[in-house]
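**Q** Quick one, fold the following:
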Amino acid sequence: MRKNFVTLVLLIVVSFVAILVAVDCIAVPYLEDKQLVVSKAWKEDTFKRCMMSNERLTSPPGLGVFRSKNIEFPEKKTKLKRLLVVGDSYVIGFGLSNINNVWWRQLQRELIRRGYNDVEVVGVHSFTLGNTASQLDQVERWASKYHADAIIWGYQPSDAEELQGPRYFIERLSPKKESAAAKVVKRTMRSLIPNISQVLLSLEDRHYAANAIGSPAIGYEDSKRDLLLYEGENFRHFNGTLERMHKFADRTKIPLFIVTLPTQTAELPEAHIGKKSQQLFNEIEAYYKTRFALASKAYQSNGLKFFDLTDAYLNAIRKDPQFAGETAAIRLATTPPDPHPCSFTTHLYAVEVADILEKNYPQCIGPTSQVKEPELKINDCMPPSLGAFKIAPRSYILAFPTNDHFQLSMPIRKPYVQLNFEMPGQIKTIKLTGPWLRKATIWLTAVDPKDGYDRELLHQLPEKKGSQLAWDLPKEPWTSQINTLRISAEIKGADNRLNITF
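**A** Residues are numbered from 1 along each chain as shown. Modelled structure (predicted):
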């Protein structure tokens, strides 16, 4: 009897573990692909994107002008007009697998689309801190040297934060303190059921943040902190920063204006999964209207031009059917775990700012001319170590990563590298060769001519085997506006170099 009982218990335990593993390995990834949960795969891939986007930068310490391997701006103008776009992660492209989806690059494309071919848009960022005060330090240092014709400042509610010595006046919420036993349990969960544990631990983190009362000792949750920035000592210092900004504009005579960059609330996108889109949009409206009203008053009282894009943003997302339903928050994000704005939103910023420039600052963008057919060239890649060394027009050498760890995987769920084009263009044929290349698959995304931005819909080309591969693209409208190219390849040998021609 005892033996039968022990056997029964073991069977129950084994069955439970088997079900748990099946749910972890099959059910959770399936739900993640349906945008109903955010789990390990997207969390890890987003972390890679963030690390790679930092590696993309080649700016020396102290230089706040954006610089990467394939994007550089000399101090001397290369075009008649030059605009400086100022910000933090919204300028750096933190977490973006394509730098051309950042909003100042979208502005460059939009101005070219409208015929402003002699305008150069340059990103300026604070190298370590993201607040307005540190951004102003960079602008004061570089605006005149880089011969700016206008300065456009992107604004988010947290940009009002100010420092008292090495610390902020209003600190962010400190992580939850955990016992040694709790840390062991979590490590065990992550190793046995990584997908389920990621979902559960994210729920715990959100519960902690939502219920934290906040205090000067432990800091404040972001949505509460944003409002506190407009009070007390922090606000007094922020007003001092804005006064300094006004004096700079008055002294240099460079036209300067601020635009708000609304996206989502302070919560992560996954917190809104299952929420009706109209409810989400109402929350976004309440969140930004309150905070941007405070900012608008502060900026305008210091004699600074302030344009709020919130209404334009809300009107656009409410009309677009892709944001209907209960996954709107995920679709509005760069990736499911990352609340930075998606290409739809950064393109909207660019269109709105182009309108502002045409209406209020036409002297800063100069005359229009006939739109020229741009050269199709790579100006960004993931990982940055891929290189993309140009050897001829439309032909590049790639140092393909030998380890999956240095490649992205989502949403394809296969290791791949990504090539990004400075301007979208037509591709008819793709050739990929390498001495040790065994097989490869290619995915493409394109800019929709009607919408003006890349929806990141993947067009897959068939897998091919061999060391000299070629694909003929279908004669379809999307092939005239190719924006990105993803390659999943198998290389067996010491030489990992590939040559791609398109």
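**Q** Enumerate every residue touching the residue nearest to L376 when sequence neighbours are not counted.
**A** Among residues not flanking L376 along the chain, G425 sits closest, at 3.7 Å (C-beta to C-beta, 6 or more residues apart in numbering). Every C-beta, even on glycine, is put in place using the N, C-alpha and C of the backbone. By C-beta atoms under 8 Å, 6 or more residues apart in numbering, the contact list for G425 reads 373-376, 480-482.
**Q** Among the residues you listed, which ones are in strands?
**A** I482 (DSSP state E).
**Q** Drop anything exposed from the contacts of G425.
**A** 376, 480-482 (16 or more other C-beta atoms under 10 Å).
**Q** which one of those residues sits closest to R438?
**A** Comparing the buried ones among the contacts of G425 against R438 with C-beta to C-beta places I482 closest, at 25.2 Å.
**Q** Tell me the bridge partners for the closest one.
**A** Per DSSP bridges, the residues bridged to I482 are G425, A446.
**Q** can you map out the helices along the chain?
**A** For the chain, applying DSSP state H gives helices covering 2-22, 28-33, 40-56, 89-92, 103-113, 132-142, 180-192, 194-211, 222-228, 232-252, 277-301, 310-319, 328-331, 343-360.
**Q** re the thing from before, now, among the contacts of G425, which is nearest to A18?
**A** I482 (45.4 Å).
**Q** what residues are up against the closest one?
**A** Taking C-beta under 8 Å, 6+ apart, one finds 376, 421, 424-427, 444-446 in contact with I482.
**Q** ok, the residues you listed vs V91, which is closest?
**A** F421 (20.1 Å).
**Q** So what sits opposite the closest one in the bridge?
**A** Where F421 sits in a bridge, its partners, by DSSP bridges, are I378.
**Q** correct me, but it touches Q481?
**A** No. Counting by C-beta atoms under 8 Å, F421 stays clear of Q481, with 9.7 Å between them.
**Q** The most centrally placed residue in the chain and E422, how far apart?
**A** The residue lying closest to the centre of the chain (C-alpha atoms, centre = their mean) is L96, at 3.7 Å. L96 is 15 Å from E422, where distance means C-beta to C-beta, to the nearest Å.
**Q** what residue ranges in this structure are flagged as low confidence?
**A** 1-3, 5-6, 8, 60-63, 127-129 (pLDDT under 70).
**Q** domains for it, by residue range?
**A** The chain breaks down by automatic domain parsing into domains covering 40-165+231-361, 180-222, 378-501.
**Q** mind putting the ones you listed in JSON lines, distance to A22 included?
**A** As requested, the domains of the chain are arranged in JSON lines below (distance: least, C-beta to C-beta, whole Å):
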{"stretch": "domain 40-165+231-361", "distance to A22": "16"}
{"stretch": "domain 180-222", "distance to A22": "10"}
{"stretch": "domain 378-501", "distance to A22": "18"}
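**Q** V13 is nearest to which of the ones you listed?
**A** Across the domains of the chain, closest to V13 is domain 180-222 (C-beta to C-beta), at 13.4 Å.
**Q** now do the same end-to-end measure for the closest one.
**A** 27 Å (C-alpha to C-alpha, to the nearest Å).
**Q** quick one, which of the helices of the chain is nearest to G387?
**A** Among the helices of the chain, helix 40-56 sits nearest to G387 (C-beta to C-beta), with 12.4 Å.
**Q** what angle sits between that closest one and helix 194-211?
**A** Orientation check (axes from the mean of the first three to the mean of the last three C-alpha atoms, to 10 degrees): helix 40-56 against helix 194-211 gives 80 degrees.
**Q** For helix 40-56, what is the distance to the chain centroid?
**A** 10 Å (C-alpha atoms, centre = their mean, to the nearest Å).
**Q** Any buried residues in that helix, and which?
**A** Applying 16+ other C-beta under 10 Å to helix 40-56 flags 40-46, 48-50, 52-53, 56 as buried.
**Q** Just the closest of the buried ones among the contacts of G425 to L256, please.
**A** Nearest to L256 among the buried ones among the contacts of G425: Q481, at 33.7 Å, using C-beta to C-beta.
**Q** Stretch 360-380: which residues count as buried?
**A** Quick answer for stretch 360-380 (16+ other C-beta under 10 Å): 361, 364-366, 376, 378-380.
**Q** wait, stretch 299-319
**A** Within stretch 299-319, the residues scored as buried using 16+ other C-beta under 10 Å are 299, 302, 304-310, 312-314, 316-317.
**Q** my guess is V351 contacts G452, does it?
**A** Yes. With contact defined as C-beta under 8 Å, V351 reaches G452; the gap is 7.3 Å.
**Q** intersection of neighbour lists for those two?
**A** E110.
**Q** can you tell me which two in the buried residues of stretch 360-380 are farthest apart?
**A** It's Y361 and I378 that sit farthest apart of the buried residues of stretch 360-380, by C-beta to C-beta, at 31.9 Å.
**Q** Now do the contacts for the nearest residue to L457 once chain neighbours are set aside.
**A** Nearest non-adjacent residue to L457, counting by C-beta to C-beta, 6+ apart: T445, 6.4 Å away. Contacts for T445 (C-beta under 8 Å, 6+ apart) come out as 454-459, 482-484.
**Q** and which of the residues you listed is nearest F389?
**A** Once C-beta to C-beta is applied, the member of these that ends up nearest F389 is T484, at 18.5 Å.
**Q** Surely the closest one touches N420?
**A** Yes. At 5.2 Å, T484 and N420 qualify as touching, with contact defined as C-beta under 8 Å.
**Q** okay, and the common contacts of these two?
**A** Joint contacts of T484 and N420 (C-beta under 8 Å, 6+ apart) are N98.
**Q** neighbours of I500, just the number please.
**A** 22 (other C-beta atoms under 10 Å).
**Q** quick one: it and G493, what's the gap?
**A** Using C-beta to C-beta, I500 is found at 18 Å from G493.
**Q** ok, so of the contacts of I482, who is nearest I71?
**A** Ranked by distance to I71 (C-beta to C-beta), the contacts of I482 are led by F421 at 12.5 Å.
**Q** and the closest one, what does it touch?
**A** Contacts of F421 by C-beta under 8 Å, 6+ apart are 100, 376-379, 482-485.
**Q** And for V65?
**A** 59, 73, 122-124, 138, 142, 146.
**Q** what bridges to it?
**A** Beta-bridge partners, per DSSP bridges, of V65: V124.
**Q** can you put the buried ones among the contacts of G425 in JSON lines and add distance to V23?
**A** Below are the buried ones among the contacts of G425 laid out as JSON lines (distance: C-beta to C-beta, whole Å):
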{"residue": "L376", "distance to V23": "45"}
{"residue": "S480", "distance to V23": "44"}
{"residue": "Q481", "distance to V23": "41"}
{"residue": "I482", "distance to V23": "39"}
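**Q** which among those residues gets closest to E162?
**A** Closest to E162, out of all of the buried ones among the contacts of G425 and judged by C-beta to C-beta, is Q481, at 43.6 Å.
**Q** Next, the closest one: phi, psi?
**A** The phi/psi pair for Q481 (degrees, to the nearest 10) reads phi -130, psi 50.
**Q** Use 610 as the first number for this chain going forward.
**A** With the count now opening at 610, the last piece we talked about shows up as Q1090.
**Q** pretty sure it is touching D1060, no?
**A** No. Counting by C-beta under 8 Å, Q1090 sits too far from D1060 to count as a contact (10.5 Å).
**Q** Burial check on E842, number of neighbours?
**A** The burial count for E842: 11, using other C-beta under 10 Å.
**Q** how about it, what does it touch?
**A** Residues in contact with E842 (C-beta under 8 Å, 6+ apart) are 771, 773, 778.
**Q** so which of these would you say is closest to P825?
**A** F778 (9.2 Å).
**Q** separation between the closest one and L837?
**A** In terms of C-beta to C-beta, F778 sits 9 Å off from L837.
**Q** before we move on, the earlier item: tabulate the contacts of E842 (JSON lines), appending neighbour count and distance to K1040.
**A** Listed next are the contacts of E842 as JSON lines, based on neighbours: other C-beta atoms under 10 Å; distance: C-beta to C-beta, whole Å:
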{"residue": "E771", "neighbour count": "21", "distance to K1040": "54"}
{"residue": "Q773", "neighbour count": "11", "distance to K1040": "59"}
{"residue": "F778", "neighbour count": "19", "distance to K1040": "57"}
